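Colleague: build me a model from this:
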Amino acid sequence: MILVAIVAELLEEYTVLLARVLEQMFHDAPFPRRMRFLILRNLPFVSLTPRPRMIRASA
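Modeller: Sure thing, here's the model as predicted:
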């Protein structure tokens, strides 16, 4: 039972990571805007609001 819980947790984390990678890939893809919206809307664990870009301060 513990092994099943561990595998389920790993699969959830993998799914979230994969969704983020696909989101970044399709966000700037050369697809029509409507097609990008439909692809991104159907990804699990993805928000449709654009995330603010990180601004790095110079050291």
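
Colleague: longest helix in this protein, please.
Modeller: helix 2-27 (DSSP state H).

Colleague: quick one, the helix or strand following that helix and helix 2-27 angle?
Modeller: Sequence-wise, the next helix or strand downstream of helix 2-27 (DSSP states H and E) is helix 33-41. Here helix 33-41 runs at an angle of 170 degrees relative to helix 2-27 (axes from the mean of the first three to the mean of the last three C-alpha atoms, to 10 degrees).

Colleague: would you put the C-alpha positions of helix 33-41 in CSV?
Modeller: Output in CSV follows, covering the C-alpha atoms of helix 33-41 (Å, rounded to 0.1, in the frame of the first residue of the first chain):
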residue,chain,number,x,y,z
ARG,A,33,-3.7,31.9,-31.3
ARG,A,34,-7.0,29.9,-31.1
MET,A,35,-5.2,26.6,-31.5
ARG,A,36,-2.7,27.5,-28.8
PHE,A,37,-5.5,28.4,-26.4
LEU,A,38,-7.3,25.1,-27.0
ILE,A,39,-4.1,23.1,-26.5
LEU,A,40,-3.2,25.0,-23.3
ARG,A,41,-6.8,24.8,-22.0
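
Colleague: buried ones in it?
Modeller: By 16 or more other C-beta atoms under 10 Å, the buried positions in helix 33-41 come out as 39-40. In short, each C-beta sits where N, CA and C put it, glycine included.

Colleague: now do the same contact list for residue 26.
Modeller: 36, 39-40, 43 (C-beta atoms under 8 Å, 6 or more residues apart in numbering).

Colleague: repeat for residue 36
Modeller: By C-beta under 8 Å, 6+ apart, the contact list for residue 36 reads 26-27, 29.

Colleague: any chance of the residues you listed in TSV, plus pLDDT and distance to residue 3?
Modeller: Below are the contacts of residue 36 laid out as TSV (pLDDT from 0 to 100; distance: C-beta to C-beta, whole Å):
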residue	pLDDT	distance to residue 3
26	76	34
27	76	36
29	76	38
